[in-house]
Structures are given as C-alpha cells and as structure tokens.
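Student: I would like the atomic coordinates for the input below:
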Amino acid sequence: MRLLLLSNSSAPGRGYLEHAREEIADALGGARRLVFVPYALADRDGYTAQVAKALAPLGVEVAGAHAADDPAAAVAAAEAVFVGGGNSFRLLKSLYATGLVAALRERVASGALYIGSSAGTNMACPSLRTTNDMPIVQPPSFEALGLVPFQINPHYVDPVAGSTHQGETREQRLVQFLEENDVPVVGLREGTWLRREGARLTLGGIDAGARVFERGAEPREWGPGADLGELLGAQGRFDVG
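Tutor: Alright, predicted model coming up:
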C-alpha cells in the first residue's frame, strides 16, 4: 500500500503544496495522471484548478472526480488519487454518496498511490473521530477508509504558554478521545507528513515532527525521518455507543 498523508496543503511563505512538492514527485514516481477528489470544499471546479496549477511543474495531469460521469469508475482507473482538505464531514458524506469509499479502498489496495491532505488525511484513518472540523453535515457513518489502523490529527498544535484561551488544548481533546477509544493517534504538526510504502511508515516534514498519543501512556515525540512502522500493527477499539 502506498500512501502520502500530509498534515496541511499550504505552509507559511510558500505556495500551495510547495512545501511537499518534492515528496509528492517522489511518491508519484512515473505516474503522470492523477484523479483529484475535491468534495471537502463547495467550489469543486476552483479547487481542482488550484491543484492542477500546483502540480503542473511536475508534469502531472489532474482530473476532478466530480467532473466524471462516474466518479467511482474514474478512481478505479486512476494511477494516483489525491483527496484534498476542507471540511471532513462534508468530504466523508460525499465519499459515501458517490460510491468512493469502496472505490478508493479497492484502488489503493491494488497499488494506486493515495495522497491526502488535512481532511483527505483524516479519510485514511479508520474513523473521522480525530478531525478538527465542525460537523456542518452528517455523514451516514464516521467510518472512513481504514488505510492505516491508527488515527491522525492533522494541524496538531502544542499548548501555547500564557494563552488566555479557555477551551481545551488539542492535547486535552485527544486525551478525551482516548478515554473513550483505545487506538493510537498521531498528532501531525504543520509541515509534516506520513509516507507509507508497504510495511514501512516514515515521518517526513520541513521542520516540526509529530506527537503520538496512546491510552495509558505519556505522549511520545518523533522527528522527521522517524520510522513509525510499529503503528501499522495497531489494534483499535472504538466506542460504538
């Protein structure tokens, strides 16, 4: 299985996808056609055009799944698939409505590269439950694609010393998740990504690393280049009440 799971698609001072462009090019290998899944945003044409412009320097042709007569068939024939960020609830609802949950699972299992960013990275997890997004719509299920056996929290931010914010920190919210569910969570800071090639899972990034949360244990810090392959053997238990 081949995955590239980005925490974010834009980094300060850089163009869209620019911070990860070399990693994307390496992951694509010889693939020069990509199907983009834009359902996390309302302007699907504009979103697809943005991705096409960003990947043009790599010589990659981008087609929007939403523009196909049969989005599931378009994904089934894709060399690579990129699921973009936006609202995770809207995205997952659309994946179910278009038949892409099954189509994406099958195509990635048969060898196509899956690239996700933010909400698209959430989709690679077993469940939607560690997204940061507001539930603006209701998908038929929180079950996502399950391309990895652990959860990811994109855009992970550390507590800010001296902050006057009175809501929970991201760490507190993930601890609350683990009070109800027993499955590891990778907090991916901005500018980081996970790259999976078969049984190998590597943390990459331009600066910061990631934080791994597990029930009953102190969070662990990992830097770019770390091998997180142990997480591929995770056994998760979700509350179903």
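
Student: okay, stretch 224-234 in CSV with CA atoms only?
Tutor: In CSV, the C-alpha atoms belonging to stretch 224-234 read as follows (Å, rounded to 0.1, in the frame of the first residue of the first chain):
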residue,chain,number,x,y,z
PRO,A,224,11.3,13.9,10.7
GLY,A,225,12.8,10.7,9.4
ALA,A,226,11.5,8.6,12.2
ASP,A,227,10.2,5.1,11.4
LEU,A,228,6.7,4.7,12.8
GLY,A,229,6.1,1.3,11.3
GLU,A,230,5.1,-0.1,14.7
LEU,A,231,1.8,1.8,14.3
LEU,A,232,0.8,-0.4,11.3
GLY,A,233,0.2,-3.2,13.8
ALA,A,234,-2.1,-1.2,16.0
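
Student: what does that stretch contact?
Tutor: Outside stretch 224-234, the residues that touch it by Cβ atoms under 8 Å, 6 or more residues apart in numbering are 148-150, 183-184, 186, 192, 194, 196, 199-207, 209-210, 212, 222. Every C-beta, even on glycine, is put in place using the N, C-alpha and C of the backbone.

Student: buried residues, it. List them.
Tutor: Within stretch 224-234, the residues that qualify as buried by neighbour count (16 or more other Cβ atoms under 10 Å) are 224, 226, 228, 231.

Student: could you dump the residues you listed to CSV with pLDDT, distance to G13 and secondary structure?
Tutor: Rendered in CSV, the data for the buried residues of stretch 224-234 read as follows (pLDDT from 0 to 100; distance: Cβ to Cβ, whole Å; DSSP: H, G, I helix; E, B strand; the rest coil):
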residue, pLDDT, distance to G13, secondary structure
P224, 93, 19, coil
A226, 95, 25, coil
L228, 95, 28, coil
L231, 96, 31, helix
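
Student: so which of the contacts of stretch 224-234 are in strands?
Tutor: Secondary structure of the contacts of stretch 224-234 is defined by DSSP state E; positions in strands are 186, 192, 194, 196, 200-205, 210, 212, 222.

Student: out of these, who's nearest A77?
Tutor: R196 (22.2 Å; Cβ to Cβ).

Student: ok, the closest one touching F150?
Tutor: No - under the criterion of Cβ atoms under 8 Å, R196 is not in contact with F150, lying 11.3 Å apart.

Student: those two - which one has more neighbours?
Tutor: Under the neighbour definition other Cβ atoms under 10 Å, R196 and F150 were set side by side, and F150 has more, 25 against 22.

Student: how about the contacts made by that one?
Tutor: The contact partners of F150, taken as Cβ under 8 Å, 6+ apart, are 125-126, 183-186, 231, 234, 236.

Student: list the contacts for the residue most central in space within the chain?
Tutor: Averaging the C-alpha coordinates of the chain gives a centre point, and the residue nearest to it by Cα atoms, centre = their mean is T121 (0.6 Å). For T121, the contacting residues are 5-7, 85, 152, 154, 188, 194, by Cβ under 8 Å, 6+ apart.

Student: do you know the pLDDT at it?
Tutor: Predicted confidence (pLDDT) for T121: 98.
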